[in-house]
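Undergrad: Generate coordinates for the sequence data below:
(one chain, ligands or ions: 2)
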Amino acid sequence: MASASRDDELVLLPLGGAGEIGMNFNAYGFGPPDERKWIVVDCGVLFGKEAMTPGVDVIMPDIGFLAERREDVLGIVATHAHEDHIGAIHYLWPMLRCPVYATPFTARLIAGKLEEAGLQERVRVNVVPLHGKLTLGPFDIEFISITHSIPEPNALAIRTPLGVVVHTGDWKLDPDPLVGERTDSNALQKLGDEGVLATVCDSTNALVAGESGSEATVRKALIDLIGTLKGRVAVTAFASNVARLDSIAKAARIHGREIALVGRAMHKITAAARDSGYLADFPNVLDEEEAAELPPHRVLYLCTGSQGEMRAALSRIAAGQHPNVKLGPGDSVIFSSRIIPGNDLQIHELHNKLAGLGVEVISADDHFVHVSGHPARDELAQMYRWTRPRIAVPVHGELRHMSAHARLARSLQVPEAVVIENGHMLRLAPGKAQIIDETPSGRVHLDGQVLVSEGAGLSRTRRSLAYAGMIAVTLVLDDKARLAGDPAFFFEGIPEPVHGAVREAVSETIRRYNAKRGDDEKLRENVRRAARAAADDAWGKKPITRVEVVWV
Ligand SMILES: [Zn+2]
Ligand SMILES: [Zn+2]
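TA: Ligands and ions are numbered 1, 2, ... in the order given. Model (predicted):
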């Protein structure tokens, strides 16, 4: 490896994930300030919340800062295949146009996304073997196997002439992950011996005491639980949790149930897992029609939709709208997953619908059917004991998680722990860790099929529309600026009794206001204010109001 020259700096620039659990996007830069070379670690999405971003399903980071320097972006390295780490690659790649690197299972899922986006011919997805190494300019990158809730999670050791960064990616310590390798604690410990400059680490569960627990214990619990159930059983879990799917399949087989996969993601992931050498003894699955023919106690449905997603299989089943899967009294649904914060309402709605069908709902609230894929505090402490960094940089969390994580790191004698937010450029070396720049950052919404900057304010407008509807007024004036006819009103989402008050206020304003031709702007504003004030008086809300003036 080349040695560092005097002006070289090593910086970390998160454009996503530092401030939210989702849309992870971390750029590492090396070199003198005006000649930095960059690598990107992960490029993920965040899922929109109907209440906050109505009509927006997918949110991703604004990477304009790096796009302007794309000649110096050497590659995108993916740690693992969760959507919050790879889900934005096919949307944002055209802004960077650099090669992509990932281990086989992750690469296969990225390739699938690129194909759907019609980019498969243009993007080079380089498959890195497990434990593989890779050099991109000044960065020597080593993949280190770790455990999480998906096959092939990797931490990265990123060696530079100014020191080694351990970028953990998402992880937990699972002594028995069931699918894939155990955490390569030797490699992490060796890095600690070598001397680690910074550990950049998952904060998701930094507020959770103890340990996350093992997939193997969930397998045992699921086997016991499913043995007690009599009617049809449907289990919903994240499709990407291949070990969990395997456990559910094993439980089904032990209790003489055949399996049917319901939902596109279940088919996609099990196929990708088999192609990558996992799920070797996963049983043959029935199709939905065949499963419907079986007696209830012989069938188990493995369904998408654990978060209550409207269009996913389980919501359609609960609404009685699924063509092949029907559930009713005597049947059970197991939610083998956690509630992602913010999804509580829609998940409980789904529980209610299922309860309404007479179905028994079993979840992590009352049974041991899930463990988290992220490190609780004891596991974080272990990571710091292994890697012994000079600097701890919490990422992958909201501010409250990252702050708790930083406090924990300091309590473990890590000399520096720095909480940074999206767009903060943190210099890791040389010298003390320091925020040296704030670059533009923000979010981009996939709105229908169009990428729109959050800054455009569409979500705010839609929330206002949802809260208080809208009024449109058209005024037709003659050349003496008198009303040439009654103003035309258009009310959308506004209660009838408010209409009269608004009409009156508008007429009154025009009577009082001495308009002149060319004065449209002022007239429009006067009428707009009068209409909103009248609505506020009569209703207590101020709708979005538009006024048009037409001269005849
Ligand atoms: Zn993640
Ligand atoms: Zn993950």
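
Undergrad: Where do the strands of the stretch 1-150 of the chain begin and end?
TA: For the stretch 1-150 of the chain, applying DSSP state E, counting those that start in this stretch gives strands covering 9-16, 25-31, 37-43, 46-47, 56-61, 73-77, 100-102, 125-127, 133-136, 139-145.

Undergrad: Likewise for the stretch 401-550 of the chain?
TA: Using DSSP E, counting those that start in this stretch, strands in the stretch 401-550 of the chain cover 416-417, 424-429, 434-438, 443-447, 450-453, 470-477, 488-492, 544-551.

Undergrad: Can you say which of those strands is nearest to residue 281?
TA: Nearest to residue 281 among the strands of the stretch 401-550 of the chain is strand 443-447 (38.2 Å), distances taken as Cβ to Cβ. Yep, even glycine has a C-beta here, placed from its N, CA and C like the rest.

Undergrad: in that closest one, what's buried?
TA: Using 16 or more other Cβ atoms under 10 Å as the test for burial, strand 443-447 gives 443, 444, 445, 446, 447.

Undergrad: What of stretch 238-255?
TA: The neighbour-count check on stretch 238-255 (16+ other Cβ under 10 Å) flags 238-253, 255 as buried.

Undergrad: just checking, which of the residues you listed belong to helices?
TA: In helices, defined here by DSSP state H, the members of the buried residues of stretch 238-255 are 242, 243, 244, 245, 246, 247, 248, 249, 250, 251, 252, 253.

Undergrad: The last one contacts residue 283, doesn't it?
TA: Read that as residue 253. Yes - taking contacts as Cβ atoms under 8 Å, residue 253 lies within contact range of residue 283: 5.8 Å.

Undergrad: closest to residue 325 among the buried residues of strand 443-447?
TA: Nearest to residue 325, judged by Cβ to Cβ, of the buried residues of strand 443-447 is residue 446 at 29.4 Å.

Undergrad: Isn't that closest one up against residue 58?
TA: Yes - using Cβ under 8 Å, residue 446 makes contact with residue 58 at a distance of 4.1 Å.

Undergrad: Now list whatever residues contact both of these two.
TA: Common contacts of residue 446 and residue 58 (Cβ atoms under 8 Å, 6 or more residues apart in numbering): residue 91.

Undergrad: Show the contacting residues for residue 456.
TA: For residue 456, the contact set (Cβ under 8 Å, 6+ apart) is empty.

Undergrad: 437 is where my numbering starts, stick with that
TA: All right, first residue 437 from here; so that's residue 892.

Undergrad: per-residue confidence for residue 437?
TA: Note on residue 437: pLDDT of 65.

Undergrad: Quick one: name the residues of the stretch 487-636 of the chain near ligand 1.
TA: By the rule Cβ under 5 Å from the ion, the part of the stretch 487-636 of the chain lying against ligand 1 is 520, 606.

Undergrad: Ramachandran angles for the residue in the stretch 787-936 of the chain that ligand 1 sits nearest to?
TA: Scanning the stretch 787-936 of the chain for proximity to ligand 1 using Cβ to the ion identifies residue 832 as nearest, at 5.7 Å. Backbone torsions of residue 832, given as degrees, to the nearest 10, read phi 50, psi 60.

Undergrad: repeat for residue 629
TA: Main-chain torsions, residue 629, degrees, to the nearest 10: phi -60, psi -40.

Undergrad: distance of it from residue 824?
TA: Separation of residue 629 from residue 824 (Cβ to Cβ, to the nearest Å) stands at 8 Å.

Undergrad: Please apply the same query to residue 571.
TA: 25 Å.

Undergrad: got it, and residue 799?
TA: Distance from residue 799 to residue 824, by Cβ to Cβ: 39 Å.

Undergrad: likewise residue 934?
TA: Counting by Cβ to Cβ, the separation of residue 934 from residue 824 is 66 Å.

Undergrad: These two: which is more packed in?
TA: Neighbours were counted for residue 934 and for residue 824 using other Cβ atoms under 10 Å; residue 934 has more, 22 against 18.

Undergrad: For that one, report the pLDDT, please.
TA: pLDDT, residue 934: 97.

Undergrad: What sits closest to residue 688 if chain neighbours are left out?
TA: Excluding the flanking residues, the one nearest residue 688 by Cβ to Cβ, 6 or more residues apart in numbering is residue 736, at 4.1 Å.

Undergrad: Return the residues in contact with the residue in the stretch 437-586 of the chain positioned nearest to ligand 2.
TA: Scanning the stretch 437-586 of the chain for the residue nearest ligand 2 gives residue 518, at 3.5 Å (criterion: Cβ to the ion). Applying Cβ under 8 Å, 6+ apart to residue 518 gives the contacts 480, 586, 606, 676.

Undergrad: please redo it, this time with the cut-off set to 10 Å
TA: Contact analysis of residue 518 by Cβ atoms under 10 Å, 6 or more residues apart in numbering lists 458, 460, 478, 480-481, 542, 545, 584-586, 589, 605-606, 674, 676-677, 809.

Undergrad: next one: residue 780
TA: Residues in contact with residue 780 (Cβ under 10 Å, 6+ apart) are 743, 744.

Undergrad: which of the contacts of residue 518 are buried?
TA: Using 16+ other Cβ under 10 Å as the burial test, the contacts of residue 518 include 458, 460, 478, 480-481, 542, 545, 584-586, 589, 605-606, 674, 676-677, 809 as buried.

Undergrad: on that earlier part again, confirm that the residue nearest to residue 688 lies within a strand, as I assumed.
TA: Yes - read with DSSP: H, G, I helix; E, B strand; the rest coil, residue 736 is one of the residues of a strand.

Undergrad: Please name the bridge partners of it.
TA: Beta bridges link residue 736 to residue 669, residue 695 when assigned by DSSP bridges.

Undergrad: wait, it sits on residue 695?
TA: Yes - using Cβ atoms under 10 Å, residue 736 is in contact with residue 695, at 5.4 Å.

Undergrad: Give me the common contacts of these two.
TA: Common neighbours of residue 736 and residue 695, using Cβ under 10 Å, 6+ apart, are 671, 684, 685, 687, 688, 689, 722, 727.

Undergrad: relative to strand 924-928, how tilted is the longest helix that the chain contains?
TA: Of all segments of type helix in the chain, defined using DSSP H, the longest is helix 956-975. Put simply, helix 956-975 runs at 50 degrees to strand 924-928, going by axes from the mean of the first three to the mean of the last three Cα atoms, to 10 degrees.
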